[in-house]
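*Asks:* Sequence below, structure please.
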Amino acid sequence: MSETFVAVQKNSDGDIIAFKTSSGRILPYDDAVWEVQSGSIDGVNTFEGRDGDTYIRSNPDHDKLNNLDQLPTF
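*Replies:* Residues are numbered from 1 along each chain as shown. Take a look at the predicted model:
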């Protein structure tokens, strides 16, 4: 069963460092990347940045309200 991200944890710079899933699991960023790539998390995808790191982003739907930065924090 797939989950979604419902909240995020940010560091002092405002970067997302962890995610809370719809089932209540807390995933550090690296674990979340693996889960997204394995298809366990709905509504998001990964991409490789110019710096070579892998990042998570919301699937494009032209709705800024469901962007990861807009999710509540925990």
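*Asks:* Who's the closest spatial neighbour of Phe47, skipping the chain neighbours?
*Replies:* Computed as Cβ to Cβ, 6 or more residues apart in numbering, the closest residue to Phe47 that is not its neighbour in sequence is Tyr55, at 5.8 Å. C-betas here are computed from N, CA, C, even on glycine.
*Asks:* And the one you found, how far from Gly24?
*Replies:* 24 Å (Cβ to Cβ, to the nearest Å).
*Asks:* Between these two, which is the more surrounded one?
*Replies:* Tyr55 (15 against 9; other Cβ atoms under 10 Å).
*Asks:* A strand includes the more buried one, no?
*Replies:* Yes: membership of Tyr55 in a strand is supported by DSSP: H, G, I helix; E, B strand; the rest coil.
*Asks:* start at 3 instead
*Replies:* Renumbered: residue one is now 3, and that last one reads Tyr57.
*Asks:* Would you quantify the distance from it to Ser25?
*Replies:* Tyr57 sits at a distance of 23 Å from Ser25 (criterion: Cβ to Cβ).
*Asks:* the strands in the chain, which residues?
*Replies:* With strands called from DSSP state E, the chain shows them at 7-12, 18-23, 28-30, 46-50, 56-60.
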